[in-house]
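Visitor: let's see this in three dimensions:
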Amino acid sequence: MAWWKHVGDEMKFAAEKMAKSNLFETDRMFCDLYGLEPGQSQKSHVHGDADKVYYVLEGEGLFEVGKESRVLGPGIVVHAAAGEPHGVTNTGKSRLALLVVMAPHPRFKRI
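Guide: Okay, the predicted model is just below:
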């Protein structure tokens, strides 16, 4: 696996639902790209043992973290701590592209 990738080569969008592209993955973390067309969303959900960070590459969306929500755009980074409900909806008229990092990786149990 390459230790570097060009985001533009990996970014995907799909008409039917939010698209995910994995950039890097280890037993400790993952780094994905999320592509949301206008109106698409990642419904509010919780990760009990992992923090998630969203970085807005392009577009704008309504981010919900805990009991707060705000429309945010390019250059903004959002943190959802473990156990905190979070989600995002593309409320703009153009595509929303996000870089997402999550640690520890939710599929692997710590010993």
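
Visitor: which stretches of this protein have low pLDDT?
Guide: Applying pLDDT under 70 to the chain flags residues 1, 108-111.

Visitor: all strands of it, in order?
Guide: With DSSP state E as the criterion, the chain has strands at 19-25, 30-36, 41-45, 51-58, 61-65, 68-72, 77-80, 86-89, 96-103.

Visitor: angle of the last one against strand 41-45?
Guide: This points to strand 96-103. 30 degrees (axes from the mean of the first three to the mean of the last three Cα atoms, to 10 degrees).

Visitor: which elements pack onto strand 96-103?
Guide: Applying 3 or more Cβ pairs under 8 Å, 6 or more residues apart in numbering; DSSP states H and E, one finds that strand 96-103 contacts strand 30-36, strand 51-58. Backbone N, C-alpha and C define where each C-beta goes, glycine included.

Visitor: got those as TSV, with distance to residue 90 columns?
Guide: Output for those, formatted as TSV (distance: least, Cβ to Cβ, whole Å):
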stretch	distance to residue 90
strand 30-36	4
strand 51-58	11
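
Visitor: thinking again about what came up before, and of the strands of the chain, who's closest to residue 10?
Guide: Ranking the strands of the chain by proximity to residue 10 (Cβ to Cβ) places strand 19-25 first, at 4.8 Å.

Visitor: nearest spatial neighbour of residue 10, skipping sequence neighbours?
Guide: Distances taken as Cβ to Cβ, 6 or more residues apart in numbering put residue 21 closest to residue 10, at 4.8 Å, once the chain neighbours are dropped.

Visitor: hang on, that neighbour packs against residue 30?
Guide: No: assessed by Cβ atoms under 8 Å, residue 21 is found out of contact with residue 30, at 11.2 Å.

Visitor: CSV please, covering the strands of the chain and showing distance to residue 9 and mean neighbour count.
Guide: Listed next are the strands of the chain as CSV, based on distance: least, Cβ to Cβ, whole Å; neighbours: other Cβ atoms under 10 Å:
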stretch, distance to residue 9, mean neighbour count
strand 19-25, 10, 15
strand 30-36, 10, 21
strand 41-45, 23, 15
strand 51-58, 13, 18
strand 61-65, 23, 21
strand 68-72, 25, 12
strand 77-80, 22, 16
strand 86-89, 23, 21
strand 96-103, 13, 20
